[in-house]
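Asker: Okay, structure incoming, though there's no sequence with it:
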């Protein structure tokens, strides 16, 4: 049937009833799920509901967005059912005695997009079986090829600690541990193929870059209703799942775009991916709320730096005011800010677009 969501077998529709049954339970953070066949922006829909007094726990999903928003006024669009477009409404400023959650100070809200990033990278690693990582503050990066390009597991040395891992053939940075200050070593650990001056190489079959590419973005927006004392936060995530090479958008930050399918995902079913993502946000948000927004105490800081490909890299940061900083990204501080070692000393960045230089 022409126009039916079942005509493209690679892109079956989501089932709202099954999702609600799986995700909206007495113990869950999620209280209501709306699934649109098409909408302008899931973030705009969730923000409108927030201004009307919607409680925490709303989930808005769209099979297709026509005016999805990204950072710095950019758009995020993809063909119908080719990705995930989902926004959730959170109200961390309200104490929840039944859950033993204190109110979180607004100064700690900067961790929310990073929290969503950790949940996303965990879901992608689990279900798509891809090498993935986070670019501070809000992008999911993939490397060409499935997980079979990963190095073998390391054996512990005589101290009981795993030996350092060298970069694998995908060009993914070596896994490194922070020192006692929480900083990462300066070396990037990148292979010449991924970091060479001539730019990323491509595979012969698909012409895809063998270096890093962006497959998802996250946008957090504060929402206040007139007279309300508790500003809500809308977290929006856009993930390219089965977007094909000729459908990819142009990414103005310099990174090429990709999708889970193009990167060689083991599975591209959006239903389990969405469930894993929302359950991951629920789990991390609960830990973060219980700790009063303290990312160190709840383990969120550790999980984020472990999955962040920006750390240890030379970067250029485009700041909201239009100026820029260049330096080595050494760590993420307890407030979620990126710490840069620059020629003029240490700088901390709360918001900005990051370009990996090498």
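Answerer: On my side now, so go ahead. Nothing here was measured: the structure is a model prediction, and the numbers come from that model.
Asker: I'd like to know which helix or strand in the protein has the lowest mean pLDDT.
Answerer: Within the chain, no helix or strand scores below helix 192-195, which has a mean of 28 by mean pLDDT, DSSP states H and E.
Asker: pLDDT averaged over whatever helix or strand comes next after that helix - what is it?
Answerer: Once the chain leaves helix 192-195, the next helix or strand it forms, by DSSP states H and E, is strand 212-223. Averaged across strand 212-223, pLDDT comes to 94.
Asker: How about stretch 280-298?
Answerer: The average of the pLDDT scores along stretch 280-298 is 98.
Asker: where does that stretch sit relative to the chain's centre, distance-wise?
Answerer: 16 Å (Cα atoms, centre = their mean, to the nearest Å).
Asker: Can you show me the helices along the stretch 1-150 of the chain?
Answerer: For the stretch 1-150 of the chain, applying DSSP state H, counting those that start in this stretch gives helices covering 16-23, 42-51, 111-127.
Asker: Setting aside sequence neighbours, what's the nearest residue to the residue nearest in space to the middle of the chain?
Answerer: Note on the chain: the residue nearest the mean C-alpha position is residue 117, at 3.0 Å, using Cα atoms, centre = their mean. Distance criterion Cβ to Cβ, 6 or more residues apart in numbering; nearest residue to residue 117, sequence neighbours excluded, is residue 134 at 4.6 Å. Heads up, the C-betas are built off the backbone N, CA and C, glycines and all.
Asker: Can you pull out the low-pLDDT segments for this structure?
Answerer: 1-8, 68-77, 144-210, 226-228, 251-254 (pLDDT under 70).
Asker: Does residue 85 have any beta-bridge partners, and if so which?
Answerer: Legend: beta-bridge partners of residue 85 under DSSP bridges are residue 62, residue 238.
Asker: Just give the number of residues close to it.
Answerer: For residue 85, the count of nearby residues is 24 (other Cβ atoms under 10 Å).
Asker: Could you pull up the residues touching it?
Answerer: Neighbouring residues of residue 85 by Cβ atoms under 8 Å, 6 or more residues apart in numbering: 42, 61, 62, 63, 64, 65, 68, 76, 78, 236, 237, 238.
Asker: How about residue 90?
Answerer: For residue 90, counting by Cβ under 8 Å, 6+ apart, the contacting residues are 56, 112, 232, 233, 234, 235, 285.
Asker: which SS state does the fourth one fall under?
Answerer: Secondary structure for residue 233, judged by DSSP: H, G, I helix; E, B strand; the rest coil, is strand.
Asker: got the phi/psi numbers for residue 278?
Answerer: Phi and psi for residue 278, reported as degrees, to the nearest 10, are phi -70, psi -40.
Asker: just checking, it touches residue 24?
Answerer: No - with contacts defined as Cβ atoms under 8 Å, residue 278 does not count as touching residue 24, sitting 10.1 Å away.
Asker: Between these two, which is the more surrounded one?
Answerer: residue 278 (24 against 15).
Asker: Next up, the contacts around the more buried one.
Answerer: With contact taken as Cβ under 8 Å, 6+ apart, residue 278 is in contact with 23, 30, 59, 86, 88.
Asker: Could you turn the buried ones of these into a PyMOL selection?
Answerer: Buried members of the contacts of residue 278, defined by 16 or more other Cβ atoms under 10 Å, are picked up in PyMOL with:
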select buried, resi 23+30+59+86+88
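Asker: Could you export the contacts of residue 278 as CSV, including distance to residue 330?
Answerer: Formatted as CSV, the contacts of residue 278 follow (distance: Cβ to Cβ, whole Å):
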residue, distance to residue 330
23, 38
30, 36
59, 36
86, 32
88, 31
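Asker: and of the contacts of residue 278, the nearest to residue 47?
Answerer: Checking the contacts of residue 278 against residue 47 with Cβ to Cβ, the nearest one is residue 88 at 11.5 Å.
Asker: For residue 340, see how far away that closest one is.
Answerer: Look at residue 88 and residue 340: by Cβ to Cβ, to the nearest Å, they are 30 Å apart.
Asker: residues contacting residue 347?
Answerer: For residue 347, the contacting residues are 325, 327, 339, 340, by Cβ under 8 Å, 6+ apart.
Asker: If we use 10 Å, what do you get?
Answerer: Under the criterion of Cβ atoms under 10 Å, 6 or more residues apart in numbering, the neighbours of residue 347 are 317, 319, 325, 327, 337, 338, 339, 340, 341.
Asker: Among the residues you listed, which ones are in strands?
Answerer: Cross-referencing the contacts of residue 347 against strands under DSSP state E gives 317, 325, 327, 338, 339, 340, 341.
Asker: all strands of the stretch 1-150 of the chain, in order?
Answerer: Secondary structure of the stretch 1-150 of the chain (DSSP state E, counting those that start in this stretch): strands located at 32-36, 58-62, 83-90, 130-135, 139-146.
Asker: what do you get for the stretch 251-358 of the chain?
Answerer: Secondary structure of the stretch 251-358 of the chain (DSSP E, counting those that start in this stretch): strands at 314-318, 324-332, 338-342, 345-349, 353-356.
Asker: closest to residue 103 out of those strands?
Answerer: Closest approach to residue 103 among the strands of the stretch 251-358 of the chain (Cβ to Cβ): strand 324-332, 23.5 Å.
Asker: Adjacent strands (with direction) for the closest one?
Answerer: strand 314-318 (antiparallel), strand 338-342 (antiparallel).
Asker: Identify whichever of those lies nearest to residue 300.
Answerer: Once those are compared by Cβ to Cβ, strand 338-342 is nearest, at 15.5 Å.
Asker: if we can go back for a sec, would JSON lines of the contacts of residue 90 with neighbour count and distance to residue 124 be doable?
Answerer: Output for the contacts of residue 90, formatted as JSON lines (neighbours: other Cβ atoms under 10 Å; distance: Cβ to Cβ, whole Å):
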{"residue": "56", "neighbour count": "21", "distance to residue 124": "25"}
{"residue": "112", "neighbour count": "25", "distance to residue 124": "19"}
{"residue": "232", "neighbour count": "26", "distance to residue 124": "27"}
{"residue": "233", "neighbour count": "23", "distance to residue 124": "23"}
{"residue": "234", "neighbour count": "25", "distance to residue 124": "22"}
{"residue": "235", "neighbour count": "22", "distance to residue 124": "17"}
{"residue": "285", "neighbour count": "24", "distance to residue 124": "18"}
